Structure formats: C-alpha cells, structure tokens
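> Provided below are the primary sequence and the corresponding predicted coordinates.
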Amino acid sequence: MGLKQVVLLTDGMDTRPYRLNWPTSTVIFDISSERIFKTSAEKLQGVGAKVPRNCLFLHVPSESSDIQHSLYAKGFNGNQPSIWVIQGLPVMTLANFKEILLVASSLAMGGCLFLGELPAWLAETEIGIGIKPSTEKWMNKLFMSNGFRVDLVGYDEVAKSLGKEESPGEYKNILFVAEQLQFSDDQMETWRRELQRVEEEGDEEGFEEL
C-alpha cells in the first residue's frame with residue numbers, strides 16, 4: 001500500500017520532517033508538546049529548514065484532551081495507509097501509553113505499522129499477583145488487546161543493520177515493531193455502509209419481483 005500519512009509521537013524537537021526525503025504528497029502529523037514544538041519550529045525555520053516540497057507538516061498538541069479528534073480535524077484519514085512512530089514523547093504512566101495505543105488502534109488501517117521505543121520501566125508498572133510476566137509476554141498482551149501483533153527488536157539487531165557494534169551497558173528503552181491486525185474505525189464504517197447499501201439494493205430488487 002502507498003504510504004501517505006506519517007504520525008510522529010515526539011518530544012517536539014524532531015527534525016525528521018525536515019531532513020528526510022519523504023515521498024510526494026506525504027502528510028506528516030507531529031504529536032508533541034505545543035510549547036516545545038513552537039519553539040523548535042521557529043529555530044529550525046530560522047536556519048532555513050524546510051519540509052520537502054509537496055509534503056504537508058501538521059502539529060497536534062499532545063496536551064489535547066482528544067488526540068483522535070484532533071487528528072481527524074487536521075485531516076487524518078483512517079481509510080488511507082499510515083505509519084506510527086513513537087520516540088521522545090514523554091510517557092508518564094502506563095495508562096498514558098494505553099491511551100496512545102488505543103488512538104493508534106482506532107485510526108490505523110489493517111496492515112499498518114506502529115513502531116518506536118518505550119521506557120523499560122513501563123513493563124515494571126504492570127499490576128498483578130504472582131509471577132511477573134516477561135517483558136515480551138507483557139508487550140504481547142498489551143498490544144494484542146488493541147489489535148496489534150508486536151515484535152521486540154534488540155539493540156544488537158539495530159547496530160548490525162547499521163554496520164556498527166552494539167554499545168555495552170543496560171538499555172532503558174524497549175524497541176518494538178507492531179502490525180495492525182484489525183480494521184480502523186473508518187474502514188469499519190465504510191464496510192458497514194457498503195453492507196447497508198447491498199442490503200437495501202437487495203430489498204428493492206425483491207420488491208420489484210413482487
């Protein structure tokens with residue numbers, strides 16, 4: 001599927017919209033702190049940074065009480081492919097991330113990807129009695145409950161793909177790539193309308209026969 005929508009969940013200082021060679025007509029949505037984004041954008045534009053021609057760069061304040069509605073208001077289309085990337089967005093609680101995951105699950109089409117990094121301490125906040133689940137099992141349960149199949153990515157794999165050696169030490173983030181397995185809300189609504197249309201046409205044909 002042709003990718004036309006990119007959702008970046010960032011700290012407000014992400015330079016990727018300016019420095020990457022995005023395909024023509026790509027719409028980039030940056031979800032981050034409004035104050036930090038505004039300051040960062042002014043500085044970048046001040047040194048001549050520009051988003052590639054024929055691409056659109058839109059900001060959605062992370063402080064919004066309804067991020068899903070805000071994305072819709074900016075023109076996000078759940079009937080078009082998208083990729084979601086989380087890196088740098090301050091995630092204060094597990095509940096906070098679950099809200100983000102729910103938004104991605106509602107808006108991303110089947111087959112779309114959600115990837116990035118999460119603070120490792122999130123896995124440690126899981127409340128339960130008995131044996132604590134492994135990080136992998138915990139991530140699988142969390143993402144699958146929102147329609148995503150997730151794979152964890154090792155830092156050694158990333159280093160190898162870049163032709164570099166892995167830095168020693170303990171990492172504070174969990175790298176992941178998740179695939180949307182279910183339809184977006186918009187896809188479900190389109191399917192519902194089509195089904196209703198077919199049923200109505202069938203009723204009309206049956207009436208004509210009588």
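Yep, it's here.

> now the terminal residues of stretch 86-97, how far apart.
End-to-end distance of stretch 86-97 (C-alpha to C-alpha, to the nearest Å): 10 Å.

> quick check: buried residues in that stretch?
For stretch 86-97, the neighbour count (16 or more other C-beta atoms under 10 Å) marks 86-89, 91, 94, 97 as buried. All C-beta spots, glycine's among them, are computed from the backbone N, C-alpha and C.

> which element is the most centrally placed residue in the chain on?
For the chain, the residue nearest the mean C-alpha position is residue 84 (2.7 Å; C-alpha atoms, centre = their mean). For residue 84, the enclosing helix or strand under DSSP states H and E is strand 82-86.

> how far away from the center of its chain is that strand?
4 Å (C-alpha atoms, centre = their mean, to the nearest Å).

> ok, stretch 39-56 next?
Going by C-alpha atoms, centre = their mean, where stretch 39-56 is centred and where its chain is centred differ by 22 Å.

> ok, back up a step: can the buried residues of stretch 86-97 go into a markdown table with extra columns for secondary structure and distance to residue 57?
Output for those, formatted as a markdown table (DSSP: H, G, I helix; E, B strand; the rest coil; distance: C-beta to C-beta, whole Å):
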| residue | secondary structure | distance to residue 57 |
| --- | --- | --- |
| 86 | strand | 18 |
| 87 | coil | 17 |
| 88 | coil | 16 |
| 89 | coil | 17 |
| 91 | coil | 23 |
| 94 | helix | 30 |
| 97 | helix | 25 |
